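S.K.: I'll drop the sequence and a predicted model, then ask my questions.
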Amino acid sequence: MAFLLNHLLLLLLLASPTLDAVVFKCSAADRRALLAIKSAFTSTNYFASWTESDPYCCHWKGVGCNPLFSVSGLFVINDSSLVGEIPAAVGDLANVFVIEFYNLPGLTGSIPSSLANLRRLVLLNLHHNSLSGSIPAMPSLRYLNLSFNRFEFVLGSVDLGMNLTVLDMSHNRITGSIPAQVNQMLGLTKLDLSHNRLCGQIPTGPVTSRFGSEAYSDNGCLCGAPLPACL
Ligand SMILES: *[C@@H]1O[C@H](CO)[C@@H](O)[C@H](O)[C@H]1NC(C)=O
Ligand SMILES: *[C@@H]1O[C@H](CO)[C@@H](O)[C@H](O)[C@H]1NC(C)=O
Ligand SMILES: *[C@@H]1O[C@H](CO)[C@@H](O)[C@H](O)[C@H]1NC(C)=O
């Protein structure tokens, strides 16, 4: 809830042009990180407002700040001309709690390990890109959407943390089986692991039983309730 209120406040601040000159000056560290992020991408005008000469990075396109002028949200969305990889510099935005990079077909590579440094990161939305590889441990996450990418890690080998309430990894190339620890993620209310290459028995427990077959469908050889029994 506190998170939602923060988000709302941030949107209100962004929507209020009269506050611009007073509030929107960000720290040198955040600005440096943002300019490094911009420089990682080619052929896009998404970052046209992100300029060295402008100290007010809180009103750059796709940048959100908290009331203390720290960058708290990064949104790079719907740009078919963007080409590049998520740069390690994203991990230097120390107070960021929301990161969304989505509908970016030219976004390739893997999630940089520096994201593990972001202790306040609760929402990571990366659907419909061309990301691959594995994912770093991000134990503070509550919302993770990796759907429609090319991730190919072994599910049991990644550390998803225990705070997830929403987990969508559908439409990737994820292998391995569903780890029993999923049944300890008691806050999980939405799960989608469909359209991957998972195999083996779905572990029985209080969390996996919350979801219907659509959460597990179209995998290599997953079996057991709510899917047909294992042979
Ligand atoms: C992104 O594109 C979708 C449709 O493709 C649209 O519904 C959505 O509002 C767009 N979002 C932003 C932030 O531009
Ligand atoms: C998980 O959530 C609890 C309760 O909100 C919080 O105290 C804890 O710090 C979170 N864990 C991590 C690793 O962020
Ligand atoms: C993940 O993102 C996709 C694309 O916006 C959306 O359709 C899906 O519902 C999201 N998953 C969850 C569990 O919210």
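M.R.: It's in. Ligands and ions are numbered 1, 2, ... in the order given.

S.K.: residues from this structure in reach of ligand 1?
M.R.: Ile77, Asn78, Asn103 (CB under 6 Å from any ligand atom). For the C-beta atoms, the positions are set from N, CA and C on the backbone; glycine is no exception.

S.K.: Show me how to select, in PyMOL, the buried members of these.
M.R.: Here is the PyMOL selection string for the buried members of those, based on 16 or more other CB atoms under 10 Å:
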select buried, resi 103
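
S.K.: Looking at the residues of the chain next to ligand 1, which one is closest to Glu214?
M.R.: Asn103 (22.8 Å; CB to CB).

S.K.: OK, contacts around that closest one?
M.R.: For Asn103, the contacting residues are Ile77, Asn78, Asp79, Ser80, His127, His128, Asn129, by CB atoms under 8 Å, 6 or more residues apart in numbering.

S.K.: any chance of these in a markdown table, plus distance to Asn45?
M.R.: A markdown table is the format used below for the contacts of Asn103 (distance: CB to CB, whole Å):
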| residue | distance to Asn45 |
| --- | --- |
| Ile77 | 14 |
| Asn78 | 13 |
| Asp79 | 9 |
| Ser80 | 12 |
| His127 | 23 |
| His128 | 20 |
| Asn129 | 19 |
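
S.K.: which one of those residues sits closest to Pro179?
M.R.: Using CB to CB, the contacts of Asn103 come closest to Pro179 at His127, 22.4 Å.

S.K.: Contacts only, for that closest one.
M.R.: Tyr102, Asn103, Asn145, Leu146, Ser147, Phe148, Asn149, Asp168.

S.K.: That one - nearest residue in space that isn't next to it in sequence?
M.R.: Ser147 (4.5 Å; CB to CB, 6 or more residues apart in numbering).

S.K.: just checking, that neighbour touches Leu167?
M.R.: No: the criterion here is CB atoms under 8 Å, and Ser147 misses it with Leu167 at 10.1 Å.

S.K.: tell me, what's touching those two both at once?
M.R.: Jointly contacting Ser147 and Leu167 under the rule CB under 8 Å, 6+ apart are Asp192.

S.K.: For stretch 148-166, buried residues please.
M.R.: Phe148, Asn149, Phe151, Phe153, Leu155, Val158, Leu160, Leu164, Thr165, Val166.

S.K.: okay if I get these as JSON lines plus distance to ligand 3?
M.R.: Output for the buried residues of stretch 148-166, formatted as JSON lines (distance: CB to the nearest ligand atom, whole Å):
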{"residue": "Phe148", "distance to ligand 3": "7"}
{"residue": "Asn149", "distance to ligand 3": "11"}
{"residue": "Phe151", "distance to ligand 3": "14"}
{"residue": "Phe153", "distance to ligand 3": "18"}
{"residue": "Leu155", "distance to ligand 3": "16"}
{"residue": "Val158", "distance to ligand 3": "17"}
{"residue": "Leu160", "distance to ligand 3": "14"}
{"residue": "Leu164", "distance to ligand 3": "11"}
{"residue": "Thr165", "distance to ligand 3": "10"}
{"residue": "Val166", "distance to ligand 3": "5"}
